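1. got a structure for you, letters missing:
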């Protein structure tokens with residue numbers, strides 16, 4: 001099959017050091033884990049990269065498109081690929097951070113991006129994943145962007161919710177075990193209540209891997225909740 005590997009990373013704007021300022025060292029461990037996950041993704045020797053992340057709607061983006069972090073204080077575009085001269089700043093936050101991570105790695109591999117509506121029904125997200133790649137596509141690796149609950153403590157964006165930790169632990173277990181059924185089963189209502197930004201993107205991953213077939217192994221290299229938001233970094237690789 002054309003899918004050779006996948007990585008999962010979060011998409012907080014503060015992962016970009018210029019935005020974090022003096023607080024940048026607080027996310028050094030997350031930044032380093034994401035860099036290693038991208039390196040492992042590239043080590044699978046893909047011929048192309050496909051970014052998947054949540055957005056206002058499900059749509060396809062072109063290689064020339066870019067994203068913007070101007071609303072967070074960084075007044076320059078974040079290109080998806082090197083052909084950004086004619087593209088528009090249309091990438092949602094998830095894909096903008098994904099593009100920033102890939103650009104940081106220095107890879108020149110061609111890349112495209114797909115957003116999935118953050119409120120997409122699980123069946124629709126899984127179906128999108130199943131149709132991302134065809135057997136005759138180039139060897140492709142997925143970079144999936146998504147945050148966990150935003151309700152881990154009284155200082156969290158969504159305040160404290162006692163259900164949040166169990167939810168996040170379930171996601172981490174599913175990512176570690178390449179458990180596509182557990183990801184497919186994530187409840188959209190509970191996810192919305194916990195302000196989870198990655199639910200639909202993870203379900204796209206589940207659909208893509210299930211369609212690709214074969215045996216996979218997973219590893220979670222980062223699982224923390226700085227600022228009350230759960231972040232995961234994981235790799236899925238063929239056995």
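-> On my side now, so go ahead. None of these values were measured; they are calculated from a predicted model.

2. Could you check how many residues crowd around the residue nearest to residue 132 when sequence neighbours are not counted?
-> In space, residue 132 comes closest to residue 208 once its chain neighbours are excluded; the distance is 5.1 Å by CB to CB, 6 or more residues apart in numbering. (Glycine included, C-beta is placed from N, CA and C.) Summarising burial for residue 208: neighbours were counted as other CB atoms under 10 Å, giving 26.

3. Neighbouring strands - and their directions - for the least confident helix or strand in the chain by mean pLDDT?
-> Per-element confidence for the chain was summarised using mean pLDDT, DSSP states H and E. The lowest value among helices and strands belongs to strand 74-79, with a mean of 88. Neighbouring strands of strand 74-79 in its sheet, by DSSP bridges, are strand 66-69 (antiparallel).

4. Where do the helices of the chain begin and end?
-> 17-20, 28-43, 93-105, 122-130, 164-176, 180-184, 188-193, 199-212 (DSSP state H).

5. I'd like to know which of those lies nearest to residue 64.
-> Proximity to residue 64 (CB to CB) singles out helix 93-105 among the helices of the chain, at 11.9 Å.

6. Show me what the closest one is packed up against.
-> Applying 3 or more CB pairs under 8 Å, 6 or more residues apart in numbering; DSSP states H and E, one finds that helix 93-105 makes contact with strand 3-9, helix 28-43, strand 48-55, strand 66-69, strand 74-79, strand 111-117, strand 140-145.

7. contacts for it?
-> Outside of helix 93-105, the residues within contact range by CB atoms under 8 Å, 6 or more residues apart in numbering are 9-13, 15-16, 34-35, 38-39, 42, 49, 51, 53-55, 61, 66-69, 78-80, 91, 111, 113, 115, 143, 145-146, 197, 201.

8. separation between residue 102 and residue 154?
-> 35 Å (CB to CB, to the nearest Å).

9. Please read the previous query as pertaining to residue 57.
-> Using CB to CB, one obtains 33 Å as the distance from residue 57 to residue 154.

10. got it, and residue 16?
-> As defined by CB to CB, residue 16 lies at a distance of 26 Å from residue 154.

11. Give me the pLDDT for the nearest residue to residue 179 once chain neighbours are set aside.
-> Once its chain neighbours are removed from consideration, residue 179 has its nearest residue in residue 173; the separation is 7.1 Å (CB to CB, 6+ apart). What the model reports as pLDDT for residue 173 is 98.
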